[in-house]
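Undergrad: generate coordinates for the sequence data below:
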Amino acid sequence: MPQQEIVDAILANARTAHERGDTLLQLTIESGRLTGAQSSWGSSENLTMSDPEVGWLLGHVEAIGWRLEHASHVFVETGSSSSARLLSTGEGTVTRGEILGYYVLRRTAD
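TA: Got it, this is the predicted structure:
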């Protein structure tokens, strides 16, 4: 689940935009993460972690008076590291980053 301060900020933003009369709302929410660690053998292993609570948060935004129109995702690399493999040629690479969800919501009819 996103950190509580992020949840509070997103919900406050959705309420403010709705009260202001905006017709569209765009939210950017981290929906996953790619992590990994190098091993002493020089190999690498990446692990994708997703946040199952993003749907819960979007449901609360919709309860304010918004309807999800479009969603897309992008991977933003935040770092990587490589090391030589011990028993073979080549390198093992670990990549880290965030999977960001971009959500466009339309104001529902009052």
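Undergrad: quick one, longest strand in the chain?
TA: strand 66-84 (DSSP state E).
Undergrad: what is that one packed up against?
TA: strand 24-38, strand 91-107 (3 or more Cβ pairs under 8 Å, 6 or more residues apart in numbering; DSSP states H and E). The way it works is simple: take the backbone N, C-alpha and C, and place the C-beta from them, glycine included.
Undergrad: what comes up buried for the shortest one?
TA: For strand 24-38, the neighbour count (16 or more other Cβ atoms under 10 Å) marks Leu25, Leu27, Ile29, Ser31, Gly32, Arg33, Leu34, Gly36 as buried.
Undergrad: okay, those in JSON lines with distance to Leu58 and pLDDT next?
TA: What follows is the buried residues of strand 24-38, written out as JSON lines (distance: Cβ to Cβ, whole Å; pLDDT from 0 to 100):
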{"residue": "Leu25", "distance to Leu58": "11", "pLDDT": "98"}
{"residue": "Leu27", "distance to Leu58": "8", "pLDDT": "97"}
{"residue": "Ile29", "distance to Leu58": "8", "pLDDT": "95"}
{"residue": "Ser31", "distance to Leu58": "10", "pLDDT": "93"}
{"residue": "Gly32", "distance to Leu58": "15", "pLDDT": "92"}
{"residue": "Arg33", "distance to Leu58": "18", "pLDDT": "89"}
{"residue": "Leu34", "distance to Leu58": "22", "pLDDT": "85"}
{"residue": "Gly36", "distance to Leu58": "28", "pLDDT": "72"}
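Undergrad: and those, which is closest to Ala63?
TA: Set against Ala63, the nearest of those by Cβ to Cβ is Leu25 (13.3 Å).
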